[in-house]
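Chemist: would you be able to build a 3D model of this:
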Amino acid sequence: MKISNTLLLVVFTFLGLYGQGDSIFDDSYVHEIRVTANDFNFWNTLTQDYQSNYPDVPYQMANVSIDGVVVDSIGVRQKGYASNFGVFSNKKSIKLDFNEFVRGKKYDGLKKINLNNGAGDPAIQRDKLCYDIMNNAGVSAPRTSYAKVFINDIYWGLYVVVEQIDKTFLKDNFDNPEGNLFKNIDFSDLDWLGPDTAAYQKIFELKTKHTEDAWIDFVGLMETINQTTDAEFEENIGSVFNVELFLKTLAVDVATSNWDSYLQNGRNFYLYQDPESKKFNWIPWDYNFALGGAFSDDVIGGGGPTPPLNYFPVDMSNSEKILISRLLNIPSFKERYYRDFCQLLENNFTTDRLFPLIDQYGDLIREDIQADNQYVWEQEDFELDLDQGSDLVPGLKKFFGEQVITLSNELAQVYDCENSSSALSALDITINEFMASNDSLSGLADANGDFDDWIELYNNTNEEVDLSNTYLTDNVTKPRKWNFPIGAKIPANGFLIVWADKDTDSDEFHANFKLAKAGGFIMLMDDNLVLDSLTYDTQETNISYARIPNGLGDFEVSDHTYNENNSETTSLEEIEQEIVKIYPNPTQNYLNINFETRGNRFVNLANGIGQSVFTGTLSDQNNTIQLNNFQTGIYFLTVKDRKQLLVTEKITILP
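Modeler: Numbering: from 1, shown residues only. Sure, this is the predicted structure:
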């Protein structure tokens, strides 16, 4: 499978492109939200509205200042279920609707945001960490940040700001936001309730324009899940339901012990039906009770015992929830689920990645929690929950530490994660060519006759490669944004075209993102390894950006050579390679890099998702990299000179 020991892990720099929500969901600092109203008893009014009208809680008009930007005449109401009626504190969850009273009004491109109070979550991190894990797993999940909230100039407490699942969210995460969005509003096992749509309308709310056809399609999904034979279910479920997306979500829900979800309670999710493919897509929601979060008799009403940390087994084939059990009793779907679990435990759901995040967010909000007189918990519970927890709720580090070991052992009993690894090296498969602006004059159309963006991959090896566990993305924060379908293969020394158009309902390969003509980012990833990545500037219509020579050369502006060699030279095997010695490895404090000949060399050290942590130029007189400030983990070292790539080597940095 390896073509050479001189492969390059491409260095990339993420180009931050500002869009809707980028300001309010910047989580590098705590935001300030000030709600003001003429009503002196404004909070009492909101409370009465909630208690008298739930679930149809009306909005009250107010003004809001967010980080100094004032938006007037917005809608404010209390929200939530357990986070409201079960919390004895006045600190209830809140929804802000900028669009409620003045049509078209927005803040930061958004119509609504949610302010969550931390019920069940002393560290106030469970929503944040779980959505982070979801996004890293390739699931479209809400963004989050933190805010100090003031009501009529009284500090009401530290809240988690959570993105609203609405048309704006759909526009950001799906090709066509004009489909049907259903919100689960009551307990549901997704069981068959008969053909009458009225039965389902008591449990799900259609958040978009109400049409009878929408509910007919919904009932059709329920019929496929419940009323088909095993053979019919296997054949038809993929045409009406995004199975791959659900399996990724399922793996995270199991790993995070998300009991207040479909796994146990049949709650807290959305279903979005794409208007073109007609497939329903699962959208996760509400994770404050995951990661060991729970009701507490001392703090939150209606308690009961805290669930054990490992609340759900890895093998969910015997789940009482019919959608889970039917999917996991199909061998190909079950294997995909286990592959997703392997990836989750390898580089996403790990203590090395998550412990620093827990500390980072704890440090960020500690001062504001200490000043929060309406904090739902006792002050000492905040610090305890960051680490080992208390009798009320197990701490986050305790949860992750024990859960990682338990899940790894369970997974090893049912699946060998080596089966999900293709043992590829960097640049075995490369991004060979792409076109970020394509129209009819190019003559390059997909099977549907659409002239969309495309990415050409090239297999630099002499063997056919299975791409089932390989990912493409246009966003460095979502490295597993699009997963090749099970069974996808690229021939030896051959090409494969992926259309970047969000049109995932096709026999061809169509990624769930588009390329930006104004400049952007593309990354190809297998397991934990970045195979190839690049950033690019503004592109011209019908002009491609291609590797010359084909396969491993530098990118150059070019007339397209769609699905063909970019040049006659297709590999670096013909170039005489210099010997580079790298030691010690594993190491703690330093790396020595010795060169066969004299001269300067460009060196890059990157982490597991390709982010550069060290770059510099070394010479034979100065050939040591100090590693004192780097975190423990796996890194990739790349060395090159002016003419060629010299070596890429995996480096282990010890504590």
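
Chemist: so D340 lies in a strand, does it not?
Modeler: No: under DSSP: H, G, I helix; E, B strand; the rest coil, D340 sits outside any strand and is assigned helix.

Chemist: what residues does stretch 34-52 touch?
Modeler: Stretch 34-52 is contacted by residues 57-58, 60-66, 76-78, 84, 90, 92, 94, 96, 149-153 when judged by C-beta atoms under 8 Å, 6 or more residues apart in numbering. Glycine gets a C-beta too; all of them are placed from N, C-alpha and C.

Chemist: which ChimeraX command selects the buried ones in those?
Modeler: Here is the ChimeraX selection string for the buried members of these, based on 16 or more other C-beta atoms under 10 Å:
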select :57,60,62,64,66,76,77,78,84,92,94,96,149,150,151,152
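
Chemist: just the contacts of stretch 34-52: which are in strands?
Modeler: Cross-referencing these against strands under DSSP state E gives 60-66, 76-78, 94, 96, 149-151.

Chemist: from these, which is closest to N493?
Modeler: Nearest to N493 out of those is I66 (C-beta to C-beta; 54.7 Å).

Chemist: sec struct for the residue lying closest to that closest one once chain neighbours are set aside, please.
Modeler: Excluding the flanking residues, the one nearest I66 by C-beta to C-beta, 6 or more residues apart in numbering is I33, at 5.3 Å. At I33 the chain is in strand, as set by three-state DSSP.

Chemist: does F246 touch L327 like I think?
Modeler: Yes: at 7.2 Å, F246 counts as touching L327 under the criterion of C-beta atoms under 8 Å.

Chemist: quick one: the helices in the chain?
Modeler: 42-53, 82-85, 126-136, 167-173, 197-201, 212-227, 230-240, 243-255, 322-328, 331-347, 351-370, 379-386, 396-414 (DSSP state H).

Chemist: F280 is nearest to which of the ones you listed?
Modeler: Between these, helix 212-227 lies closest to F280; by C-beta to C-beta that is 5.5 Å.

Chemist: so that closest one versus helix 230-240, what angle?
Modeler: Per axes from the mean of the first three to the mean of the last three C-alpha atoms, to 10 degrees, the angle that helix 212-227 makes with helix 230-240 is 150 degrees.

Chemist: for helix 212-227, buried residues please.
Modeler: Those would be A214, W215, D217, F218, V219, L221, M222, T224, I225, N226, for helix 212-227 by 16+ other C-beta under 10 Å.

Chemist: reformat the helices of the chain as JSON lines; add mean pLDDT and distance to Q631.
Modeler: Formatted as JSON lines, these follow (pLDDT from 0 to 100; distance: least, C-beta to C-beta, whole Å):
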{"stretch": "helix 42-53", "mean pLDDT": "96", "distance to Q631": "44"}
{"stretch": "helix 82-85", "mean pLDDT": "82", "distance to Q631": "34"}
{"stretch": "helix 126-136", "mean pLDDT": "94", "distance to Q631": "17"}
{"stretch": "helix 167-173", "mean pLDDT": "91", "distance to Q631": "30"}
{"stretch": "helix 197-201", "mean pLDDT": "95", "distance to Q631": "48"}
{"stretch": "helix 212-227", "mean pLDDT": "95", "distance to Q631": "44"}
{"stretch": "helix 230-240", "mean pLDDT": "94", "distance to Q631": "40"}
{"stretch": "helix 243-255", "mean pLDDT": "95", "distance to Q631": "22"}
{"stretch": "helix 322-328", "mean pLDDT": "97", "distance to Q631": "36"}
{"stretch": "helix 331-347", "mean pLDDT": "91", "distance to Q631": "13"}
{"stretch": "helix 351-370", "mean pLDDT": "96", "distance to Q631": "7"}
{"stretch": "helix 379-386", "mean pLDDT": "93", "distance to Q631": "18"}
{"stretch": "helix 396-414", "mean pLDDT": "95", "distance to Q631": "16"}
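
Chemist: wait, which of the ones you listed is closest to D446?
Modeler: helix 230-240 (19.0 Å).

Chemist: do I have it right that Y545 meets E433?
Modeler: Yes: with contact defined as C-beta under 8 Å, Y545 reaches E433; the gap is 6.8 Å.

Chemist: who touches both of the two?
Modeler: Common contact partners of Y545 and E433 (C-beta under 8 Å, 6+ apart): S558.

Chemist: which of those two has more neighbours?
Modeler: More crowded of Y545 and E433, by other C-beta atoms under 10 Å: E433, with 26 against 20.

Chemist: contact partners for the residue nearest to N550 when sequence neighbours are not counted?
Modeler: Once flanking residues are discounted, N550 sits nearest to N566: 4.1 Å by C-beta to C-beta, 6+ apart. Counting by C-beta under 8 Å, 6+ apart, N566 touches N432, E433, A546, R547, I548, P549, N550, G553, S558.

Chemist: wait, the fifth one sits on D554?
Modeler: Put plainly, it is I548. Yes: here I548 reaches D554: they are 6.9 Å apart, a contact under C-beta under 8 Å.

Chemist: comparing the two, which residue is more hemmed in?
Modeler: Higher neighbour count among I548 and D554: I548, with 18 against 8, using other C-beta under 10 Å.

Chemist: from K517, how far off is that one?
Modeler: Counting by C-beta to C-beta, to the nearest Å, the separation of I548 from K517 is 22 Å.

Chemist: check N623 too.
Modeler: Here the criterion is C-beta to C-beta. By it, N623 lies 42 Å from K517.

Chemist: with E244 instead?
Modeler: 28 Å.

Chemist: more crowded one of these two?
Modeler: More crowded of E244 and K517, by other C-beta under 10 Å: E244, with 20 against 16.

Chemist: please name the nearest non-neighbouring residue to that one.
Modeler: In space, and not counting its chain neighbours, E244 is closest to N483: 6.1 Å by C-beta to C-beta, 6+ apart.

Chemist: beta-bridge partners for that neighbour, please?
Modeler: Y471 (DSSP bridges).

Chemist: so it sits against T473, correct?
Modeler: No: counting by C-beta under 8 Å, N483 does not reach T473; the two are 10.0 Å apart.

Chemist: which one of the two has more residues nearby?
Modeler: Taking other C-beta under 10 Å, N483 and T473 do not tie; N483 has more neighbours (26 against 22).

Chemist: center of this structure, which residue is that?
Modeler: The residue lying closest to the centre of the chain (C-alpha atoms, centre = their mean) is N135, at 0.9 Å.

Chemist: my guess is the residue nearest to I66 meets S65, correct?
Modeler: Yes: here I33 reaches S65: they are 7.4 Å apart, a contact under C-beta under 8 Å.

Chemist: gap between G633 and D97?
Modeler: Distance, G633 to D97, using C-beta to C-beta: 43 Å.

Chemist: let me redo that: D554
Modeler: Separation of D554 from D97 (C-beta to C-beta): 50 Å.

Chemist: give me the number of residues near D385?
Modeler: For D385, using other C-beta under 10 Å, the count is 31.

Chemist: what does E367 give?
Modeler: Using other C-beta under 10 Å, E367 has 12 other residues around it.

Chemist: could you report the neighbour count for Q413?
Modeler: Residues lying near Q413 (other C-beta under 10 Å) number 9.

Chemist: grab the nearest non-local neighbour of T535.
Modeler: F521 (5.0 Å).

Chemist: thought N99 was touching G109?
Modeler: No: using C-beta under 8 Å, N99 is not in contact with G109; the gap is 11.6 Å.

Chemist: below-threshold pLDDT in this structure: ranges please.
Modeler: Applying pLDDT under 70 to the chain flags the ranges 1-19, 295-310, 420-423, 504-507, 527-528, 568-578, 608-612, 620-621, 641-648, 655.
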